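A.B. asks: Structure for the following, please:
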Amino acid sequence: MSEHSDRPGRSERSGFSEQDVQREVTELEGKSATAARIFDLRRIIGGLFVLYGVIVTIAGITDSRSAIDKAQGVNINLWTGIGMLLLGIFFLAWLKLRPTVPPAPAVVAREGQE
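C.D. replies: Numbering: from 1, shown residues only. Model (predicted):
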């Protein structure tokens, strides 16, 4: 076998040109950055705290007088729900103000270049 491929710009082993490989790397980097933003823990934690905060706040608003008396006169569901809402909003605001920075693309060294 010869060291050079019959087709210019193509690797003898893989059959893909450098442009094909670069395009695939760019697509994968874009997908990786999107996945990092989607699965950011601040989004998950903030969303869950807001959801549960709404549920607990509604439970606190609709509590009966006997339930409030059990908690020594404090509407614990209402205050806990408000606290959870504030914490969830904090996480979501933090996500919005300081978004995840996608990783810098790796520099691919080409053979034959110095």
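
A.B. asks: what residues does the helix or strand hosting L85 touch?
C.D. replies: Assigned by DSSP states H and E, L85 falls within helix 76-97. Residues outside helix 76-97 that contact it (C-beta atoms under 8 Å, 6 or more residues apart in numbering): 40, 42-43, 45-61, 63, 67. To be clear about C-beta, it is placed using only N, CA and C from the backbone, and glycine gets the same treatment.

A.B. asks: cutoff 7 Å now
C.D. replies: 40, 42-43, 45-46, 49-50, 52-54, 56-57, 59-61, 63 (C-beta atoms under 7 Å, 6 or more residues apart in numbering).

A.B. asks: ok, and for stretch 63-81, which residues are buried?
C.D. replies: Residues 63, 68, 75-78, 80-81 are the ones in stretch 63-81 that count as buried (16 or more other C-beta atoms under 10 Å).

A.B. asks: whoops, I mixed them up, stretch 84-104
C.D. replies: 84-85, 88, 91-92, 95.

A.B. asks: Specify the next element, helix or strand, located C-terminal of the least confident helix or strand in the chain by mean pLDDT.
C.D. replies: Least confident helix or strand, the chain: helix 18-38 with a mean of 72, by mean pLDDT, DSSP states H and E. Toward the C-terminal end, the helix or strand that comes next after helix 18-38 (DSSP H and E) is helix 41-61.

A.B. asks: From the contact counts, what lies against that following helix?
C.D. replies: helix 76-97 (3 or more C-beta pairs under 7 Å, 6 or more residues apart in numbering; DSSP states H and E).

A.B. asks: quick one: the helix it packs on to helix 41-61, angle?
C.D. replies: Relative orientation of helix 76-97 versus helix 41-61 (axes from the mean of the first three to the mean of the last three C-alpha atoms, to 10 degrees): 150 degrees.
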